[in-house]
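K.L.:
sequence-free structure coming up:
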């Protein structure tokens, strides 16, 4: 069997499950992407770190030259906007299914944030491009979507609020109101990813425009706010386990009487909640599939460490000590099962849209980040103190994965939703059981036994 | 989408992953099997229990009438010997792949041991039929295979020894030696499943025929011993957590100077190890897939219990208390990922034979039984004391699953093997890393940075 | 340091924590108990099993001769009714604290149910004796308590009901009503431990005597029912993972218009709930401490198996394979921490009564059985199939421990209660935090920094 | 019961276990310490963060004014050098046992690194002071120990090496050799905690002085190196999950032909390994007990968050969602059992010295950090994104705890050692079992049963 290179970086068995669902174009693109990540992205990671200033001001004003180079190379190779499926976005998309992109996202995960950015597939831009492509007016698309699609600008999605449990959208306090032919925005947000980037050209800001609407899902609107509008104050980057994630960052932002034209309203008044819902589905799977790539990469690093002759102690390889072999086996098994779970969820999205695949998406959302954290944690432990440091990618990957147990809804929310969905199967099961009991009774009678 | 019924009893997402790999015949057979298990097997389970005598002697001499009925019905429906793939056994097999049978095995798992027996797919007969079909002489096939294929007899595989760590085959103490044109067998075995059944017509006995052979894998032979041969003493059934599993049982047996004709030797002298190896692969997957059916069935039972209005306490359904919803969500996720793992392993067996799929088989082997035990344990807890009793199938399913963490090699053996296999990927990874480091160095130089 | 033998069978570190809280009498009794369990009880266990008939009827009519012998020996040694603390029951008790008995209960746990019975400390008799000693009338004490204290009879506590979620006592359906100078009992119970024993002389039956009382905790009463009263029907033993636990059993019982004299009412009408509450506290700790003894015993068995030269495979001891050493270390750590937890809960009961120690009791209740199950499960796995069989005590210990996750309230109930109790600490913590914030503010001002 | 305040910040049940082992002085000191941590240290933590420059250079040259103030206050209160037990260090110590200090260390753990530093009990100074107090010459003690005891200087322990698996001390590559009346040190170390501090006055450097000594534990020596000696190059701080831990830091250091006087040799040539061994025991317990304080503090923070009305979603408190209550209960139980484990280990050290308490120390070492990480992780999750940020102490506490699974020997080393120690109990157990079997046989014979 002349195997596809993806079988080597993921697993032959998972590939066998989906191979016949991949178009020749997807197979070709996937092969190019694997080469690109290994030959271009991974060798550039330490250089990117070196190019980022340590000065606390300057690090937020830098466009890394090596990333610019990578983007140019990727685009030339046709590795661009792979997340945007033509089936859903005929005007802007590429001819790839969610399933096909899922495996590409895993490959991108190996290369960290920089890999995704190089092929213009990094969050939150991906979700924002989807929003603009689906809901944006032609003017909005021309002004904000095209530069994003071209990788010239970046963007932020400004939803989470400080001092408020904003995961319940009815708690949102930011106000969005019309004054004449302007929209005035006031609010206090934080953890707004990407807002620190000097190239950030727009914030999609969620706020309440109609707080008294009896339909609590029609109270919110979304408006486009350019970061250089007067009144936009980026206060500080929020850290993640010690990382500031410059230059993108996860920023605290105050919108203080910010004024934008009416044309900046997205889709219409009261459409905020609808837009959020539409934005989330496939994006969660992208995070999950990248996380599987992270986990696989961590396992690959662990395998190298525990077989490194320089790390022998007491005459034995590291893998000959303790429970290392068992940990490797469990990591392998956990990665593989999570991979299949996500591939299957991606296929469901292709078959019945994100809305029909909520159960599969939700399961992946709470299973995968925890799994990847376990695998990375084992790898860190195998590397000892070095595994926690800046000298391997593991610690930063751990921090990034940890946020995924919270972002787009904390684990608990997804767990509860999946559990509740399962409960809905109970009536049908009870009906089936009643039928079984009926037949059982007949059988006992026929055989002359007493039930 | 006019969905196949299997999507309801397993999961739509898993079915979507494999549907296009199923032949129309397989789809049709699967649908019939689902109906058979629900309409015929499940209603008959309590009757079977009632038909089994409680008397400690009589329970080993009984052929349950209801099982005989089920077998007749199943055969008429074409639900027979589904495990025996025509691709591997052209003469005796049915036109089903391992992948196709895998999903059928899950369905059978819902119905417990009785379901498998009803369609003539119960262990250890399945493995024994494979052995005889592949390695048996025409005479052996006529005398022992055909009645097994017809479901007229049953069989045992006599390998594990008392007082000996027989998982290391070189520790085997049973002797098999030629005397004239007879073979003489002496040995002390236990945990010989199926040997208690009054229909048991043969034991495939593993012993040492050439203990001094320098090739430790050529020391063993396998010989067919009829249970009624003088010197065969079935001592007692070994219990499993309180169950004797009558009438099949897992018996302790002494072979005391048992004599059989030379023609009872299978395949040839010194071929015992080769036969064992050939016997194990797909069978492990059958156990795993059945276990997934068990887990799914346990979850289905749990869903019914926690929504039962009669079980409300303090005005709330059971599912409204504690962590029940979370447990259900985790059970659902764990079942689904294990299911995909096993389907993918089955597909690998179809693609590259059991030998090429050792990693996938091994992973399933140590992941699935533990997973199913967790799910059943949660269901038992939801049922309270009743869950541990004879009034639900859960406790017995738990006991049966628990043996699977030991049978065909304990978990630890598979975990170590998978870990060791993963370690073999290290050199290729190190090579790739060296290449990345080479490119990194060039990049640093080009950009004028010091590494 | 001339160490007490308890340091060898439990742990020197745990013993050091409590040694100075033990009276000389307790130390002496503990030493005698250790010798008794090792020299008398453990050697008798297989004989007891041999003396129990396998016939499904006869096994419920047998008083095991070897147990009678053990009881006589124990009483002569002064090892009798150790659970009944003189501090709480001055008239009937022995001069031992709950802490002192806790360590004795651990030692008893090593010897299984038979050890406890031999020293007249087995459930449910212990709780029933406490009920009668505290709440019984002089006549009740003379007729039913004294024979129990003398080990001449046994008893059952008849609370759990079939078809009902009786853990919510307001769901109880059994009725207890006065008719003339008689009490009439009607109800359907199950899982009534001890009711199968031929020596069982009384059932303490909980039922509703005043179902319309607005105080839902005054609706219940408890009445003494002799098993030979007309209308008492012991239907069948409920199994636990395949075990019937003859001759005690956990029985299903119907009370069909059972009539007893008015004098059989315990404490008074409407006092049922109060009695239950008083009965439960220390008993839970007894179960927990015995479970620690079970776990320690299982670990001791595991240590012997993995160092057994007869179980070597591929030239290595079992402990040299896989993760055995790690499992042993974890078992040791888990046992030790659970042991300290229970000792500390027992000490709290001595200090502030069971009512004041609810948090400590609750924690032990949900931590210990799960811990012990893990340890026993690892030991079973080390023994392979034999570990699941009747040839080691492990499988039956597993089944018994499993019931403890349900008996006296399922894990979930205790977990929720402990969590809710912790939440009550929140206001005090918030107050402390407010004070810290106040001081922080002053400090910032003083140092000229902006908060 | 007029309870000690420690019962409120730890647990009443744990305090009851050890109260009678505390001297009046210890009780008094403990009470003062609790007040000091809550009233002085916790309110100062954010100020300390504000006083630390963000400039990548300046942050390593700063002595935080608020810490200096705290130290002065603590010393005045007699809260100073609490770790140094007079029983072991009559000349320099305070009259506290290890058990008494253990509970103080828990209290210190609530206040983070700053609390320990305020009372001059922070690592690595504590271990270094012990080394100098036990092994230092009078001149060394005068020059280096006294300023440390006075809190005027700080110190580093320079052991771990880059490029080498230095946990096997025979792999050490740093050389320490005599040249005339000087000692010359060459080596490459990293993760040298405290070496970044501007007050650091000495490195205790481990190196090989006699690499060919046939006794591998006599090859190493330890020498005192002042950081300002020519050739000492502090290269960079190693990060821990994104934190640089300025100003102490965990530094990479090159010793390039560093020359110090002969008098800087500690204890004598070839004594390096002996010194390391002596240094480690109690220190591990200090880390563990502090970790319990960290976990308890994290749980206290979690309790406040989940009851915060401002964080309600969908009309419910956070604790009313999902599995929060269950997580709290488990956290409480895990903290309490770990606390008892560490208290008991500390008591063993008091009773039989660190050498006799290796098992208890080892168990605590691998149990406690993992436990604390779980608890902190749950608390972080309850805080959402904020829990990962610089706005709560949780994320940094997580990072610090994570290093404890590696520092002073990774988990795996301790797990293996404990497991191996347990295995040594096997022969005694086998002997006891043989005696039981002997008695069993006699019993069977006596009762006329066949074994």
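P.N.:
Looks like it came in fine. Everything numeric here is computed off the predicted structure, so don't read it as measured data. Residues are numbered from 1 along each chain as shown, chains lettered A, B, ... in the order given.
K.L.:
can you list the domains in chain A?
P.N.:
According to automatic domain parsing, chain A comprises the domains A:6-149, A:154-266, A:274-422.
K.L.:
got CSV for those domains, with mean pLDDT, mean neighbour count and distance to chain B too?
P.N.:
Quick note: C-beta positions are derived from backbone N, CA and C, even for glycine. Output for the domains of chain A, formatted as CSV (pLDDT from 0 to 100; neighbours: other CB atoms under 10 Å in any protein chain shown; distance: least, CB to the nearest CB, whole Å):
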stretch, mean pLDDT, mean neighbour count, distance to chain B
domain A:6-149, 96, 20, 4
domain A:154-266, 96, 20, 18
domain A:274-422, 95, 23, 3
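K.L.:
And those domains: which comes nearest chain D?
P.N.:
Closest to chain D of the domains of chain A is domain A:154-266 (CB to the nearest CB; 2.5 Å).
K.L.:
what about the closest one, start to end distance?
P.N.:
Taking CA to CA, to the nearest Å, the first and last residues of domain A:154-266 lie 18 Å apart.
K.L.:
Run through the helices of the stretch 351-451 of chain A in chain order.
P.N.:
Taking DSSP state H, counting those that start in this stretch as the criterion, the stretch 351-451 of chain A carries its helices at A:358-383, A:394-404, A:411-423, A:426-447.
K.L.:
Same question for the stretch 1-150 of chain A.
P.N.:
Counting by DSSP H, counting those that start in this stretch, the stretch 1-150 of chain A has these helices, from start to end: A:6-9, A:12-18, A:24-36, A:42-51, A:65-76, A:98-110, A:112-118, A:125-135, A:138-140, A:146-149.
K.L.:
Other residues contacting the second one?
P.N.:
I take that to be helix A:12-18. Residues outside helix A:12-18 that contact it (CB atoms under 8 Å, 6 or more residues apart in numbering or on different chains): A:3-4, A:6-7, A:99, A:103, A:336, A:339-340, A:343, A:347, B:17-18, B:340, B:343-345, B:347-348, B:351, B:357, B:359-360.
K.L.:
now the last one
P.N.:
With contact meaning CB under 8 Å, 6+ apart, helix A:146-149 is reached by A:81, A:84, A:92, A:120, A:125, A:128, A:129, A:132, A:153, A:154, A:155, A:201.
K.L.:
With the shortest one instead?
P.N.:
The contact list for helix A:138-140, computed with CB under 8 Å, 6+ apart, reads A:132, A:224, A:263, A:264, A:266.
K.L.:
Same list (those residues) but as a markdown table, adding secondary structure and distance to residue D:116.
P.N.:
Below are the contacts of helix A:138-140 laid out as a markdown table (DSSP: H, G, I helix; E, B strand; the rest coil; distance: CB to CB, whole Å):
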| residue | secondary structure | distance to residue D:116 |
| --- | --- | --- |
| A:132 | helix | 53 |
| A:224 | strand | 50 |
| A:263 | helix | 59 |
| A:264 | helix | 53 |
| A:266 | coil | 52 |
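K.L.:
Taking those residues together, which two end up most distant?
P.N.:
Using CB to CB, those span at most 13.3 Å, a distance reached by A:132 and A:263.
K.L.:
Could you look up the SS state of the nearest residue to residue A:131 once chain neighbours are set aside?
P.N.:
Counting by CB to CB, 6 or more residues apart in numbering or on different chains, the nearest residue to residue A:131 once its immediate chain neighbours are dropped is residue A:279, at 5.5 Å. Taking DSSP: H, G, I helix; E, B strand; the rest coil as the rule, one finds residue A:279 in the helix state.
K.L.:
contacting residues for residue A:279?
P.N.:
Taking CB under 8 Å, 6+ apart, one finds A:127, A:130, A:131, A:157 in contact with residue A:279.
K.L.:
Spell out which residues of the stretch 251-400 of chain A are next to chain C.
P.N.:
Proximity of the stretch 251-400 of chain A to chain C, by CB under 8 Å from any CB of the partner chain, involves residues A:322, A:323, A:326.
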